[in-house]
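**Q** return atomic coordinates for the entry below.
(one chain, ligands or ions: 2)
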Amino acid sequence: MTNTLSPSVAQSQEPATPIVIVGHVDHGKSTLIGRLLHDTDNLQDGKVAQIIASSKKRGLKVEWSFLLDSLQIERDQGVTVDSTRIPFLLNKREFVIVDAPGHRQFLRNMITGAADAEAAVLVVDAAEGAREQTRRHAMLLHLIGIRHVIVLLNKVDLLDFDQAKIEAAEKSVSELLTKLDLEAALFIPASARDGDNIASRSDRMPWYSGPTLTEALAQVPSPASRAELPLRLPVQDVYRFDDKRYVAGRIERGRVRVGDTVIIGTQKTPAKISSIASWHTAPQISAAAGQSVAVTLEPDVIPDRGDLLHKSETPPVAASRIRTRLFWLRQEPLRVGESFHLRLATAEHAVTVTSIDSVVNLDDLQKYAGEEVPAEGFAEITLSAAETILFDPFVPGTADGRGVLVDRQQRIVGGAPLLGPAAIADGEKVIHPTGSTVTTQDRTRAKGHRGGVFWLTGLSGSGKSTLARATEAALFADGVDVTVLDGDTLRAGLCKDLGFSEADRTENVRRAAEVARILRDAGQVVLVALISPLLSDRALARQILGEEFAEVFVDADLATCEQRDPKGLYAAARSGKISGFTGIDAPYEAPVSPALHLKTSAGSVESETKTLASFIKDTVRLSGALKARS
Ligand SMILES: Nc1ncnc2c1ncn2[C@@H]1O[C@H](COP(=O)(O)OS(=O)(=O)O)[C@@H](OP(=O)(O)O)[C@H]1O
Ligand SMILES: Nc1ncnc2c1ncn2[C@@H]1O[C@H](COP(=O)(O)OP(=O)(O)O)[C@@H](O)[C@H]1O
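**A** Ligands and ions are numbered 1, 2, ... in the order given. Got it, this is the predicted structure:
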C-alpha cells in the first residue's frame, strides 16, 4: 500500500512550518484539510478519484473530509509515519498540519509539543458563529501563545456570499478574540467545500480583496533559526566507549564548538568540549540547534540524564518554586498538595502543587481565585520541587519552558508552560516536599506485589475492624507487606484531637488518606477501616489517593449492628449518653458502586475474610503468584 500524500513532500530539506487547524465540530476542519491538500496538489491522483467515487456513491458533491477518514485508516494500519502530522508543500515550502482527531487528543498534542505551531487556522462556520469549542480552542491558542492566527470564516455560501452578513459574522468572532487578547492576523471568507478563497480566489465574492488561505500561509514567518540563541543541550544519556565517556543529546538551541567551556546542570561544574560527534558523520568542530550530538568533556565529568549543558554567560533560570500555566487534562479536579513529575526536555523532577493562583472561567474568560482546577480547566499554579530546576521561561512559538505533568502511572495529566520563578510572599508558608529516588518499579520488584489502598467503609459494628485484622493476618502469611489503619486506633494517637462532628470526621478521613498514600507509595497494601460515613469524604480520599484506591462496602444493616453492639455504643446512643452516633442520629451514606460489597449480616468472618483477601491479592499481584517470602 502506498502513502496517500504525494512522495515529493518527503524530499524538501527546509524545516517545515507547523500549523494547527482548529474549530468547533462540523465547522469544516476536515473538509478544509482535504480541500487544501487537493488544491495545493499534495494528493496522489488515485486518492482524488477515490474520494470523488465514494462521494458520488453517497449522492454527495465531492466530500473532502473523506480524505481525513482515509488518512485515519492509514494511520490505524501504521502506513503514515507520524500519526498526527500531515505534511504538505506550498510552492516548495514545506508545512505540517498538526492534526488530532478528537478534542482531548488535540489538547494533548498541543501541550506535548507536537505543535510548536507557527500559525493557527481557526475555522468558524460563518452562519453559526463562534461556539463552545471555538472559544476553548481560541483560549488555548492564546495560552500557548500562537502568534499568527488566521480565522477562516467557512461556509459563506450559506450567507449567500453577502458582504454585510459576512462582515457581521467577522465582527462577532473578532469581539470574542479581543476578549481573549488574541488578535487574528486575518479573516478570510471562504467555502472549504467548494474551494472559494482556499487556493484560488473566489469569483463569488468580488468585494473581498484580502489574500486566499494559501497566500496567507505563504506569509507566515518561517521558524526562526534557533542556532543564534544561547546554548541549551539537555543530556539524553551518557555512554562509555574505549574508556571515553560520550554525553549525548539533541541541541535545543544555540551551538557548541570544540574548545567551548560549558556548565553542567545544577552542580554548575564547568567542562571543556573536547570533541563533537554526530551519528554517521566524521568528528565535527561545531554543531547547532536541531542536531543530535555526542560530546566528550574535559575533565571527564559525568552529567546525569536531564542535566542541561549551557554557557556561563547565558544561564537559564534556576528555581525550585515555579509559576506555571496549566492546561489540566484529567477528568477530576486538581487540588493543592497533589504531587506529579514535571517533564522538561529530558529531565523529570518530582513536584508538588503548592498553590492555585488563579483559575480561568471558560464562560467569561476571566481569571478568578479558586480552590481547585476543574476537570480539563485552565489555571495558573505554583509548583515546588525539592531540587533546583533549570529552565527557560515559556516563549510562545518555541519549545522553551514547555513542561508536561505526568502522574504516577506516567500518564500525561497536564501541560505546564513554565512562566518563571515564584516569589515568596510575606509570611507565606514555603514547603519543598521531596520525592523518593526509589522507584515504584524497584519496590514492586522487591516485594513481589504492588501497593494499594483498600478502604473499608460501613456502620459501627458492621465488621470493618474484624475483617481488616483477619485479612491483614492472611495477607501477611502470604508474603504481602500490609498495614491496617483503623479508626479507633488512629483516634487513639494521630487523630486524638478529633471528635465526631462532620468537620472532624472529614479531617479524620483526610489524615487517614494521607497516611495511606505514604504507605501505598512505599509499596504497601493498606487496609483503611473507617466509618467514613459521607460520600463526599470518601470522594476526598479517592482524590488524595488517585486510582489505586478500592472502596470496600462492609455492609450490615443497622438492626444487626445494633444487636451486635460489640462496644455497647448503640445502647449508649439510644439512651442519650452519646450523641451524633452514626446510624442513630448522624448520617451514613452507603457507597454507590463499591469495588467490593461484603454483606456481613449473612456471611461468616472466615468467608468474608477469604473474599477480601483474594480480591486484594488479585488487585496487587503481579502476573503470576505473589512472591513467596523467604
Ligand atoms: N458518635 C460516634 N459516631 C460513630 N462512631 C463513634 C462515635 N463515638 C465513638 N465512636 C467510635 O469511634 C469509631 C469510629 O471512628 P471512625 O474514625 O471510623 O469514624 S469516622 O470515619 O470519622 O466517622 C467507632 O468505631 P467502629 O465501631 O469500629 O466503627 C466507635 O467505636
Ligand atoms: N461476617 C462478619 N464479618 C465481620 N464481623 C462479623 C461478621 N459476623 C459477625 N461479626 C461480628 O461483628 C462485630 C463487628 O465489630 P467490629 O469489627 O468492631 O465492627 P466495626 O469495626 O465495623 O465497628 C464483631 O464482633 C464480629 O465478630
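**Q** drop to CA atoms for contacts and neighbour counts, all remaining ones
**A** Noted.
**Q** so for stretch 587-604, what gets flagged as buried?
**A** Residues of stretch 587-604 classed as buried by neighbour count (16 or more other Cα atoms under 10 Å): 588, 590, 591, 594, 596, 597, 598, 599, 600, 601.
**Q** what's the answer for stretch 405-412, then?
**A** For stretch 405-412, burial by neighbour count (16+ other Cα under 10 Å) applies to 405, 406, 412.
**Q** and what of stretch 148-166?
**A** Across stretch 148-166, burial judged by 16+ other Cα under 10 Å covers 148-157, 161, 163, 166.
**Q** helix/strand/coil for the nearest residue to residue 535 once chain neighbours are set aside?
**A** Distances taken as Cα to Cα, 6 or more residues apart in numbering put residue 589 closest to residue 535, at 6.1 Å, once the chain neighbours are dropped. Following DSSP: H, G, I helix; E, B strand; the rest coil, residue 589 is assigned to coil.
**Q** run through who's touching stretch 118-131.
**A** With contact meaning Cα atoms under 8 Å, 6 or more residues apart in numbering, stretch 118-131 is reached by 17-24, 27-29, 134, 138, 141, 146-156, 158-159, 166, 169-170, 172-173, 220-223, 397.
**Q** taking those one by one, which sit in strands?
**A** Within the contacts of stretch 118-131, residues falling in strands by DSSP state E are 17-23, 148-154.
**Q** near ligand 2 too, which of those residues?
**A** Among the ones in strands among the contacts of stretch 118-131, no residue is within reach of ligand 2 (Cα under 6 Å from any ligand atom).
**Q** quick one: low-confidence residue ranges for the stretch 451-600 of the chain.
**A** Within the stretch 451-600 of the chain, not a single segment meets pLDDT under 70.
**Q** what parts of it come near ligand 2?
**A** Contact residues (Cα under 6 Å from any ligand atom) of the stretch 451-600 of the chain with ligand 2: 459, 460, 461, 462, 463, 464, 465, 466, 467, 564, 566, 600.
**Q** and the first one, how many residues sit next to it?
**A** As a burial measure, the neighbour count of residue 459 was computed by other Cα atoms under 10 Å and equals 26.
**Q** how about it: what's its closest non-neighbour residue?
**A** Nearest to residue 459 is residue 531, by Cα to Cα, 6+ apart, at 5.8 Å.
**Q** assumed that neighbour was part of a helix.
**A** No. Read with three-state DSSP, residue 531 is coil and lies in no helix.
**Q** show me the buried residues of stretch 587-604 that map onto strands.
**A** 596, 597, 598, 599.
**Q** export the residues you listed to a markdown table and append columns for distance to residue 436.
**A** Shown next, in a markdown table, are these (distance: Cα to Cα, whole Å):
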| residue | distance to residue 436 |
| --- | --- |
| 596 | 31 |
| 597 | 35 |
| 598 | 36 |
| 599 | 39 |
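**Q** can you tell me which two in these are farthest apart?
**A** Using Cα to Cα, the two most remote members of those are 596 and 599, lying 9.9 Å apart.
**Q** hmm, back to that, so which of the ones in strands among the buried residues of stretch 587-604 reach ligand 1?
**A** Within those, nothing lies near ligand 1 by Cα under 6 Å from any ligand atom.
**Q** picking that back up, of the residues of the stretch 451-600 of the chain next to ligand 2, which is the nearest to residue 579?
**A** When those are compared against residue 579 (criterion: Cα to Cα), the nearest one is residue 460, at 14.0 Å.
**Q** wait, a helix at the closest one?
**A** No. Residue 460 sits outside any helix when classified using three-state DSSP, being coil.
**Q** quick check, it in contact with residue 561.
**A** Yes. Checked against Cα atoms under 8 Å, the pair residue 460 and residue 561 is within contact range at 6.9 Å.
**Q** higher neighbour count, these two?
**A** Legend: neighbour count by other Cα under 10 Å for residue 460 and residue 561, higher for residue 460 (25 against 20).
**Q** returning to what we had before: out of the ones in strands among the contacts of stretch 118-131, the closest to residue 236 would be?
**A** residue 18 (24.8 Å).
**Q** give me every residue in the chain lying close to ligand 2.
**A** 459-467, 564, 566, 600-601, 603-605, 608.
**Q** so which of the residues you listed reach ligand 1?
**A** Contacts with ligand 1 within those, counted by Cα under 6 Å from any ligand atom: 460, 461, 465.
**Q** about what we covered before: nearest to ligand 1 among the buried residues of stretch 148-166?
**A** Comparing the buried residues of stretch 148-166 against ligand 1 with Cα to the nearest ligand atom places residue 149 closest, at 53.8 Å.
**Q** residue 200 contacts residue 215, correct?
**A** No. The criterion here is Cα under 8 Å, and residue 200 misses it with residue 215 at 9.1 Å.
**Q** can you pull out the helices in the stretch 451-600 of the chain?
**A** Using DSSP state H, counting those that start in this stretch, the helices of the stretch 451-600 of the chain run over 464-477, 487-491, 502-521, 535-545, 558-564, 569-574.
**Q** reformat those helices as CSV; add distance to residue 613.
**A** Rendered in CSV, the data for those read as follows (distance: least, Cα to Cα, whole Å):
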stretch, distance to residue 613
helix 464-477, 6
helix 487-491, 20
helix 502-521, 17
helix 535-545, 20
helix 558-564, 23
helix 569-574, 29
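**Q** out of those, which comes closest to residue 390?
**A** With distances scored as Cα to Cα, the stretch of those nearest to residue 390 is helix 502-521 (27.0 Å).
**Q** how far does that closest one sit from the chain's center?
**A** 26 Å (Cα atoms, centre = their mean, to the nearest Å).
**Q** contacts for that helix?
**A** With Cα under 8 Å, 6+ apart as the test, helix 502-521 has contacts from 440, 451-453, 485, 490, 495, 498-499, 525-526, 528, 530, 532, 537-538, 540-541, 544-545.
**Q** before we move on, what about stretch 213-227?
**A** The contact list for stretch 213-227 (Cα under 8 Å, 6+ apart) reads 15-17, 90, 118-119, 148, 150, 152, 188, 197-199, 252-255, 288-289.
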